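In: Kindly return the folded structure for what I paste below:
(2 chains)
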Amino acid sequence: MPWLTLIVLSPLAGALLLAFVPSEHKEAHRMVGGFFALLSLLFFLPVAAGFDPAQAGLQFTSAAENVAWIPALGARYHLGIDGLSLWLVGLTTVLGVVAAMAGVNSIQTASRTYYAGLLTLLTAVLGALCSVDLLLFALFWELMLLPLALLVGTWGDRQRVAAATKLFVVTLVCSMPMMAAIFYLWVKGGSTSFGVADIAVTAQGLPVGVQQALFLAFCLAFFVKLPIPPLHTWLPEAHAQTSTAGSFVLGAIVFQAGTYGLIRFAIPLFPDAVYWAAPAIGILSAFAIVYGALIAVTQRDMKKMIAFSSVSHLGFITLGLFAINQVGMTGALVQSLAHSVTAGALFLLAGVLIDRYESRSVDDYGGLAAKMPVFAVLFVFLIMAYAGVPGLIGFVGEFLVLAGAAGSWAFSLTPGNVHFGSLPTGPDTAALVIAFVAGLRVVVGAIYLLGLTKRLMLGSVTGSRFSKTTDVTWAEAAPLLPLVFLSLWVGLQPGFFTSRMDASVKGLLSGLVEHSTLAKETAANMAAQQETVANWNRDGRSPEAWPLQRKQAAANGGAPAEGHTAQPGAAHEGGHP
Amino acid sequence: MIGFQSADLFGLLPALLLVLTGMAVLLLEVFQRASFPRTHLAYVTALAALLAAAVAYLIAPAEPQTLWGGMVRFDALGCVITAFTAVACAITALGSTRYLEELEIDRGEYYALLLFATAGMSVMVSANDFVVLFLGLEMGAVAMYALTAYQRRSNLSSEAGFKYFLLGALGSALLVYGVAFLTGLTGSTGYDQIGAALRAPDAARHFANPTGVVPFLPLPLVGMALVFVAFLIKMAAAPFHMWAPDAYSGAPTPTTGFLSGAGKIAGVAALFRLFAGPFATPELSGGLAGWTTLAFLAAVASIVVGNLVALTQKRVRRMLAWSSVAHAGYLLLALCALGVKEAAAGSIRAVILYGAAYAIANAGAFIVLAAFGRDKAEVDTLDELSGLGRKHPAMGLALSLFLISAAGLPPAAGFVAKLTLFSTAFAAGEGAATPAYCAEMLQWLAVGGLVLSVAGGLAYLRVIAHLYGRDAHVRVDYRPHPATTLGVAIAAVLTLWMGLMPGRVLVWGDNVARQLLPAPAVAAPSEPAAPSDAAPSEAPKAIEVVPLPNAELPR
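Out: Numbers count the residues shown, from 1 in each chain, chains lettered A, B, ... in the order given. Next comes the predicted model:
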């Protein structure tokens, strides 16, 4: 069965069907929207069940999913899924259903536009997440723009159109260099194929300077989607101006395509450029993490606070990806899931309050725990998940990313000649500093997240507007329940998710090392250093054991070197009597 | 020599069909009462145009043929362009019904003129002789002048028609002037004869500088440049675009889409035939005054001016008019790539897809605009379009699709079209392309064009933002009609089809390129046994099959 095609296209089928439903039948729109989003999720289940965790390559590419699409250009309709994209796709299908449920409460006018836009957007995002052909990816990538601008700009506050326009223009303009880079690579490869594998061969045959420029062009498109400062300026405005459902779509669904683009295209295509840029991106990510968190502390507007907090949270994704090791990349993928679930949930929770009291300012609230106990429980639980309390989803991602970053050698400022701090095999100093700075978020995050909780939930009930407060309704709570469930599941059983990523991440990493001269050099360097340490430990730190000295000795006479090569077995036995 | 055979008529079947239907429509009009709506004439017109398109597609020959004693070439280029202009004509006719009724100009001549214009374009594209070219050009142009000034009671429309007529007449005059040079030098008006004379061993005498005065333009270059400028005027490419914004905003709305879309691709196709045929000599294509350089300069000017001025426009139709200047620039970019030997085939393929995508989407966009109105006036400002997308989802969506296509974004046709066009221009610079300087300029132009197309794209997207983002605060009437819906549907389906499955159109483009480019035949003669297996099958079917002696003129 072409499961991936079904996953990708079933929302679009719903969107087309909606065109035939008259605009006044709000219930029908919701039913159609929910049903087709759910259909996509159902089609994902056999994929999740049949996924082979041991396989690093693409899976579920049926015969109908790798066919010539535009033969004259060499473009193919090629879909595939692997450990890198499996959970991104899965989560997107779940979030589609959640967004459909959120629309019931949040969208009261023009519901057909909302559901048609949402379903089209789902197809675009899912298509981008499954595409292995660059032209197909570009198609889905640009297809995201219009429905997203529609979802953000149609409902919300007065400045919503300006915000949507800004979002649209910024993301469109920033994606143009990537388009140009794709065409450039295609032309360089003889205008015959857009397949990732073929493009990768072309890309890695180019001069290093060109590779770096192309890599930056790809990064620009993906960083603006995530977004990473200084490309984040459209985000807080868009979140503040749009409706709850629009915020949810924007904050939980769309950025995943950015994660995917980085890990599927930008990183594997240009290995040398990745190692070249990793320290700078590491520093930028650490900056983003702290900067976003600090700005969030100063915000009085709930949605802007969550938006800036997202900037901070999303920095972890690039930090983990560009640590270029197993732990960091796995962490980045988990963080992508975690951010979707928790930030999406926070936008929904904020929406519950904003829809009732029509104020985004935290100063207008207080003492809600007493008035809305169920809401308070949900709120505190999800805030904890967002802040990264162990046992919940947020912890897994942040912990893995920080661990990966601290142990990464890619952040070294002197690549190719890694100085491992004071200890020969210890972490790199630059990586440690970056990880430490990023780790500060745990503290700053606690300040504003707990501050927000205190401000909203505790204290005295101020003003008369809270006199007729009711607790959350089922319609408001329903979209939150899957998110609560996922927070717990991923938090308690992260191995279930990461084990399915491992093989693909490992494959990606070995490909990177294989194709990067810098990485090879560094790996050889590290191997030599590790040998040094091994010899050191064995031979009581005698300088003759160090590789360099051995080389010199071999040049002088050769006796000690030969002695050493014969020695290991004996020394080993001698060392452990 | 002049006696014609049935094959001669067969080759012009689509044009004949269009002209005969046009005459039939005129006759039907005579027997109508004035108050009777002309909807059925729209259907007849559309049916005939679609039929002509189908016929053009079906009779397209596998190998190019010359008919009418060498005056008409019957090949894939003519057939494909005829097919797409005819489809654009059908869409325009379908979208005109209610519009004409509202403005009380609902007369059968309108549809007849549309058909005549299409037939003229078809003849122009098929021409293999400057006389036939002029005939086709004028047949199309005169019909278009009349269509532009069709709203007799509107000053704007009259002004538009007059301006268009004046500049169009100037263009025709320049064309004839240029042809006079060429014919004077070579003794013939036929493409093949002129080409043969310019390539003959003694052709150097045409380019010699007898007096030795330094700023010297050889006469063949002067003739070529005049012909080129005439087409630039017709295509509204910068710097000869001044008439376009006024003409486009004054003409009846549905006509504008046809005029700016179909008119442009017919013009550029005729240019392709000229530049791949008689003008494909190194003396004419290369050098500072060669057509590659001229096309390059015109392309730069058009892309820059068109895109940037489009951004500043407040009125939708003027915005579309200005950005149509930019689209002319993109088509010229492909023409420029034709001058680079390695990119020639790609440029033809690109121009077919781009032209088709643009002509269809443009016709569609204008008939959607024509479906809205205020009292007796058209909808034009962005304010008037505000909120229409939400009030009329189907029409709004279709207009958005056409604008997205023009902006070059997926999933519409414009995306793949722009991709092929820019990558062709870029590919020209790869490897050992000839001439090298030209390939390099093309690469820069491709990059710059891509950047500017984003600017142009924003102008379109602003319209979409108004369609959905703003609330309607001006009362605008929607004038629904089944014919309009049908026309919009045809345009939308074609635009999506070419966007998602452009393979078929690209194959047509490859066919056109194979038939148009004489490359394998011209390269072959020194080596009788061609190196590859493919070449022998193509060598005998070379285009050089018309070795008419110069003296034996068709007149």
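
In: which stretch of helix or strand covers the residue most central in space within chain A?
Out: Chain A has residue A:336 as the residue nearest its centroid, 3.4 Å off, counting by CA atoms, centre = their mean. According to DSSP states H and E, residue A:336 maps onto helix A:326-357.

In: I'd like the mean pLDDT over that helix, please.
Out: Averaging pLDDT along helix A:326-357 gives 92.

In: Next: stretch A:162-174.
Out: Rounded to a whole number, the mean pLDDT of stretch A:162-174 is 88.

In: how distant is it from the center of its chain?
Out: Chain-centre distance of stretch A:162-174: 21 Å, with CA atoms, centre = their mean, to the nearest Å.

In: Keeping just the C-alphas, turn that stretch into CSV.
Out: Extracted as CSV, the C-alpha positions of stretch A:162-174 are listed here (Å, rounded to 0.1, in the frame of the first residue of the first chain):
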residue,chain,number,x,y,z
ALA,A,162,0.3,43.0,8.8
ALA,A,163,1.7,40.1,10.8
ALA,A,164,0.6,37.5,8.3
THR,A,165,2.1,39.6,5.5
LYS,A,166,5.3,40.0,7.3
LEU,A,167,5.5,36.2,8.0
PHE,A,168,4.8,35.5,4.4
VAL,A,169,7.2,38.0,2.9
VAL,A,170,10.1,37.1,5.3
THR,A,171,9.7,33.4,4.8
LEU,A,172,9.3,33.7,1.0
VAL,A,173,12.2,36.0,0.6
CYS,A,174,14.4,33.8,2.8
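
In: In the stretch 51-200 of chain B, what residue comes closest to chain A?
Out: Relative to chain A, the nearest point of the stretch 51-200 of chain B is residue B:80 (14.4 Å; CB to the nearest CB). From N, CA and C alone the C-beta is placed, and that goes for glycine too.

In: ok, how many other residues are close to that residue?
Out: 25 (other CB atoms under 10 Å in any protein chain shown).

In: before we move on, what about residue A:159?
Out: Residues near residue A:159, counting by other CB under 10 Å, number 14.

In: got it, and residue A:502?
Out: Residues contacting residue A:502 under the criterion other CB under 10 Å number 16.

In: Contacts only, for it.
Out: Residues touching residue A:502, when contacts are defined by CB atoms under 8 Å, 6 or more residues apart in numbering or on different chains, comprise A:53, A:83, A:326, A:330.

In: Just the pLDDT for it.
Out: We have a pLDDT of 91 for residue A:502.

In: same deal with residue A:557?
Out: Per-residue confidence (pLDDT) for residue A:557: 62.

In: same check, this time on residue B:371
Out: The model's pLDDT for residue B:371 equals 90.

In: Nearest residue to it in space, please, no chain neighbours.
Out: Counting by CB to CB, 6 or more residues apart in numbering or on different chains, the nearest residue to residue B:371 once its immediate chain neighbours are dropped is residue B:484, at 5.2 Å.

In: And the one you found, how close does it get to chain A?
Out: Distance of residue B:484 to chain A, given as CB to the nearest CB, to the nearest Å: 17 Å.

In: which residues touch that residue?
Out: With CB under 8 Å, 6+ apart, residue B:484 has these contacts: B:94, B:95, B:97, B:98, B:367, B:370, B:371.

In: ok so, going back, now the contacts of residue A:502: which count as buried?
Out: A:83, A:326, A:330 (16 or more other CB atoms under 10 Å in any protein chain shown).

In: wait, residue B:84 sits on residue B:263?
Out: No. Taking contact to mean CB atoms under 8 Å, the distance of 12.0 Å between residue B:84 and residue B:263 leaves them out of contact.

In: neighbour count winner among those two?
Out: Neighbour count, other CB under 10 Å: between residue B:84 and residue B:263, residue B:84 has more, with 30 against 23.

In: How confident was the prediction at residue B:428?
Out: Reading off the per-residue confidence, residue B:428 sits at a pLDDT of 74.

In: Name the helix or strand for the residue nearest to residue B:371, please.
Out: Residue-wise, residue B:484 maps onto helix B:482-500 under DSSP H and E.
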